[in-house]
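1. Sequence first, predicted coordinates after that:
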Amino acid sequence: MLIVQKFGGSSVSDAEHILRVANRIVQTVKAGNQVVAVVSAMGDTTDELIDLSTQITKSPPSREMDILLTAGERISMSLLAMAINELGVNAKSFTGQQAGIETTEKYGRAHISGVVPDRIMKTLDAGGVAVVAGFQGVHRKTNDVTTLGRGGSDTTAVAIAAALNADVCEIYSDVDGVFTADPRVVKTARKMKAVTYEEMLELAASGAKILALRCVEYARRFGVKIHVRSSFSDNEGTFICDEHEVGRIMKEQDLEAPIISGVAHDSSESMISLVGLPDVPGIAAKIFDEVAKHGINVDMIVQNISKSVSGRSDISFTLPQSQAELGARTLLEVSRELGGPEVHLEHNVGKLSLIGAGMKTNPGVSARFFSALNDAGVNVEMISTSEIRISVVVSLDDLDRAVKALHTAFELDSVEDEAVVYGGTGR
């Protein structure tokens, strides 16, 4: 088998952890497999490099920041290659550029545009292990180094797996797989054996931190089978694949029975409300066009017709906390052009989502969902749904309690051992 193995920062946080990872890779090779290893920066290296840059300048050039931040993965890849060689298996390390990861030119948030894995294949054909730096690539025309943003190493691993037509892409972290809720919040969360791409996309988009959204999107597009597991144990993890493969893995279960995959939450969002907008065509387009021009990511949106003032409406939407102040400033400028609607920014909010393919054919999920929140004394401020997801915005103070209430209400609690977070981060 050809296996791509990705190891996150907690898995390679120090020399001891790197040696443990090297042993796992060597065992996989000795079992008769070809291995490509993709690594993140050690522990908190990326954050430390960012902090270092702020001591130099408050506005570092984005090109130079990308060159700086890629150093973390280069350290990890070279040390891991040394460790594998020390164990008697030939290994070569490659930067994203050397590995053939081609990207768009957007520094800090580049997207992979192609993979030319010639050097990786040459290493594999010679019986060696290719160790690749995640999170980075190169723009073909400028030859400049770029970084891929959050979850970039996951995306690197899946892209390489797709280019090599690998049998599986193993994503290693400090938990044993994908759980029915964040095991740091719900100790009784249950590990899932298999999840469809669609369900995992909803989980990732709703705040589940185990896999980056772009990684799952890439895997679905190219049919890459993902196995999420822990680098701290030998336990089988969770497989992410298409419905047919999930059915094969879960063959002992009735797949037509109502299925709720899990509860996800996100405490990193804020909410902006515009109150007293003119209720005329084109207002929403004007607002969100300005928001898009500033590169602000919008999540949930709700519009209501004002009951107190005729001809007026209100619009609320959620966005990342990191972009909240920019969003509020942008909309204050727009407000002046629209007759002065009030702009309210709320930080004390969290998003809570219930995800499951069984929602398509199972009536009563919504009633059960809102009854559970009501019984827990949780007030809902905003609602959004899809075929397989119900999401609400609640007070941040109520978020953890709401997660636990839904998890219990939908009988997701494990009756076995409590979930283990080996490294303490859940990623």
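-> It's in. Residues are numbered from 1 along each chain as shown.
2. low pLDDT regions in the chain?
-> Along the chain, segments meeting pLDDT under 70 span 252-258, 306-310, 417-419, 421-427.
3. go with 50
-> 254-258, 425-427 (pLDDT under 50).
4. Tell me where it has helices.
-> Using DSSP state H, the helices found in the chain span residues 15-30, 45-56, 62-86, 118-125, 152-164, 197-205, 213-222, 243-249, 283-293, 324-337, 365-375, 399-409.
5. Which positions within the fourth one qualify as buried?
-> Applying a neighbour-count criterion of 16 or more other CB atoms under 10 Å, the buried positions in helix 118-125 are 120-121, 123-124. Quick note: C-beta positions are derived from backbone N, CA and C, even for glycine.
6. Can you tell me which of those residues is closest to residue 406?
-> Among the buried residues of helix 118-125, residue 120 lies closest to residue 406 (CB to CB), at 43.3 Å.
7. tell me the most buried of the helices of the chain?
-> When these are scored by mean count of other CB atoms under 10 Å, the highest mean neighbour count falls to helix 152-164 (a mean of 27).
8. what sits against residue 115?
-> Counting by CB atoms under 8 Å, 6 or more residues apart in numbering, residue 115 touches 99-102, 159-160, 162-163.
9. hmm, try it at 6 Å
-> Taking CB atoms under 6 Å, 6 or more residues apart in numbering, we find residue 115 in contact with 100-101, 159, 163.
10. Residue 243 now?
-> Shown in contact with residue 243 (CB under 6 Å, 6+ apart): residue 196.
11. For residue 32, see how far away the residue nearest to residue 311 when sequence neighbours are not counted is.
-> Closest residue in space to residue 311, ignoring its immediate chain neighbours: residue 279 at 5.2 Å, by CB to CB, 6 or more residues apart in numbering. Counting by CB to CB, to the nearest Å, the gap from residue 279 to residue 32 is 67 Å.
12. which of the two has more neighbours?
-> The residue with more neighbours, out of residue 279 and residue 32, is residue 279; 15 against 7, by other CB atoms under 10 Å.
13. And the contacts of residue 115, which is closest to residue 186?
-> Checking those one by one against residue 186 (CB to CB), the nearest turns out to be residue 159, at 32.1 Å.
14. Near residue 11, how many other residues are there?
-> Neighbours around residue 11, by other CB under 10 Å: 26.
15. didn't residue 348 look like it was pressed against residue 393?
-> No: if you go by CB atoms under 6 Å, residue 348 and residue 393 don't touch, sitting 10.7 Å apart.
16. would you turn the buried residues of helix 118-125 into CSV with distance to residue 375?
-> Output for the buried residues of helix 118-125, formatted as CSV (distance: CB to CB, whole Å):
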residue, distance to residue 375
120, 54
121, 57
123, 57
124, 56
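17. Which pair in the residues you listed has the greatest spatial separation?
-> Between all members of the buried residues of helix 118-125, the farthest pair (by CB to CB) comes out as 121 and 123, at 7.3 Å.
18. related to what we said a few turns ago, quick one: which of the contacts of residue 115 is nearest to residue 406?
-> residue 159 (34.3 Å).
19. Verify the contact between that closest one and residue 112 for me.
-> Yes: counting by CB under 6 Å, residue 159 touches residue 112, with 4.9 Å between them.
20. now the spatially most central residue of the chain: how far from residue 384?
-> The centroid of the chain falls nearest to residue 212 when counting by CA atoms, centre = their mean (2.1 Å). From residue 212 across to residue 384, the span is 21 Å (CB to CB).
21. same question, residue 164
-> 38 Å.
22. One more: residue 169?
-> Taking CB to CB, one finds residue 169 at 30 Å from residue 384.
23. The two: which is more packed in?
-> Each of residue 169 and residue 384 has its neighbours counted (other CB under 10 Å); residue 169 has more, 28 against 17.
24. mind listing what the residue lying closest to the more buried one once chain neighbours are set aside touches?
-> Nearest non-adjacent residue to residue 169, counting by CB to CB, 6+ apart: residue 161, 3.9 Å away. With contacts defined as CB under 6 Å, 6+ apart, the neighbours of residue 161 are 4, 169, 224.
25. ok, the first one - contacts?
-> By that I understand residue 4. Contacts of residue 4 (CB under 6 Å, 6+ apart): 36, 157, 160-161, 166, 169.
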